[in-house]
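**Student:** need coordinates for the following:
(chains A and B)
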2 protein chains.
Amino acid sequence: MIGRLNHVAIAVGDIAKASAVYRDTLGAEVSAPVAQTEHGVTTVFITLPNTKIELLEPLGADSPIAKFLERNADGGIHHVCYEVDDILAARDKLIADGARVLGGGEPKIGAHGKPVLFLHPKDFCGTLVELEQA
Amino acid sequence: MIGRLNHVAIAVGDIAKASAVYRDTLGAEVSAPVAQTEHGVTTVFITLPNTKIELLEPLGADSPIAKFLERNADGGIHHVCYEVDDILAARDKLIADGARVLGGGEPKIGAHGKPVLFLHPKDFCGTLVELEQA
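**Tutor:** I've put the predicted structure just below:
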């Protein structure tokens, strides 16, 4: 069912500093930051030859990554995103298998403008998993 | 400097259960487990179209992932591995930039039979980074 690894998301407290680490120290291709007000994050994409790293910085008072950064002051890997062909079929299969889909199970439009769902970390090896319809 | 994302490593307490999650629930291609006695882990590889997920289960009394699992009982993402063309050149550049290379800075032969180094999470957005000479 799952296809490509679309991205690995890393939450950071200071996206300018994190961008400099990836651009200057690790020598990667790093995008300009984009404020995604409706998602409560500022994003930077790091383009690798086969996938992307997504840096996330909290934006606004109710950012979904604020609590994660309270627990992980240095930042850390927040989630992995796998691509699926049909997100509704994927959801129905996961629920039939007893896995928990977060947020009521209805796909939302994610930061890339495509339908996404998040899966419960306790059902997936302690890892927050995003599914994105490719 | 960094090239492909070689793999994302997920530490788990029960690799048979985690393999079943990825094979049966997420529908991915999952390898048989391999005991890597010299690395203190049992590994399973999940082949995605563009990269790999590596499941790690502690093996033996001094497993390098034992402490991580004490702090993360459900498991969790342990590290990301980026490929580099020349690991010694990469190391020298990182040290010149003030980044900390773990374990004295000499590459070791990793679980894939290639030279690897690990970088200090505090210098890389709270993320343990492995570099592997591709």
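**Student:** pLDDT wise, what is the residue of chain A most remote from its centre at?
**Tutor:** Of all residues in chain A, A:Ala96 sits farthest from the chain's C-alpha centroid, using Cα atoms, centre = their mean; the distance is 24.2 Å. pLDDT for A:Ala96: 96.
**Student:** list phi and psi for it.
**Tutor:** Phi and psi for A:Ala96, reported as degrees, to the nearest 10, are phi -60, psi -30.
**Student:** show me where chain A has its strands.
**Tutor:** A:5-11, A:29-30, A:34-36, A:41-47, A:52-58, A:76-84, A:108-109, A:115-119, A:129-133 (DSSP state E).
**Student:** I'd like the ones you listed written out as JSON lines, with distance to chain B and mean pLDDT added.
**Tutor:** Placement of C-beta: from N, CA and C, glycine included. JSON lines is the format used below for the strands of chain A (distance: least, Cβ to the nearest Cβ, whole Å; pLDDT from 0 to 100):
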{"stretch": "strand A:5-11", "distance to chain B": "5", "mean pLDDT": "98"}
{"stretch": "strand A:29-30", "distance to chain B": "10", "mean pLDDT": "98"}
{"stretch": "strand A:34-36", "distance to chain B": "18", "mean pLDDT": "96"}
{"stretch": "strand A:41-47", "distance to chain B": "9", "mean pLDDT": "98"}
{"stretch": "strand A:52-58", "distance to chain B": "7", "mean pLDDT": "98"}
{"stretch": "strand A:76-84", "distance to chain B": "4", "mean pLDDT": "98"}
{"stretch": "strand A:108-109", "distance to chain B": "20", "mean pLDDT": "94"}
{"stretch": "strand A:115-119", "distance to chain B": "9", "mean pLDDT": "97"}
{"stretch": "strand A:129-133", "distance to chain B": "8", "mean pLDDT": "98"}
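**Student:** okay, those in TSV with mean neighbour count next?
**Tutor:** Listed next are the strands of chain A as TSV, based on neighbours: other Cβ atoms under 10 Å in any protein chain shown:
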stretch	mean neighbour count
strand A:5-11	24
strand A:29-30	16
strand A:34-36	13
strand A:41-47	20
strand A:52-58	23
strand A:76-84	22
strand A:108-109	12
strand A:115-119	21
strand A:129-133	21
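**Student:** run a quick neighbour tally on A:Glu70.
**Tutor:** Neighbour count for A:Glu70, taken as other Cβ atoms under 10 Å in any protein chain shown: 8.
**Student:** A:Gly13 too?
**Tutor:** Quick note: A:Gly13 (other Cβ under 10 Å) scores 16 neighbours.
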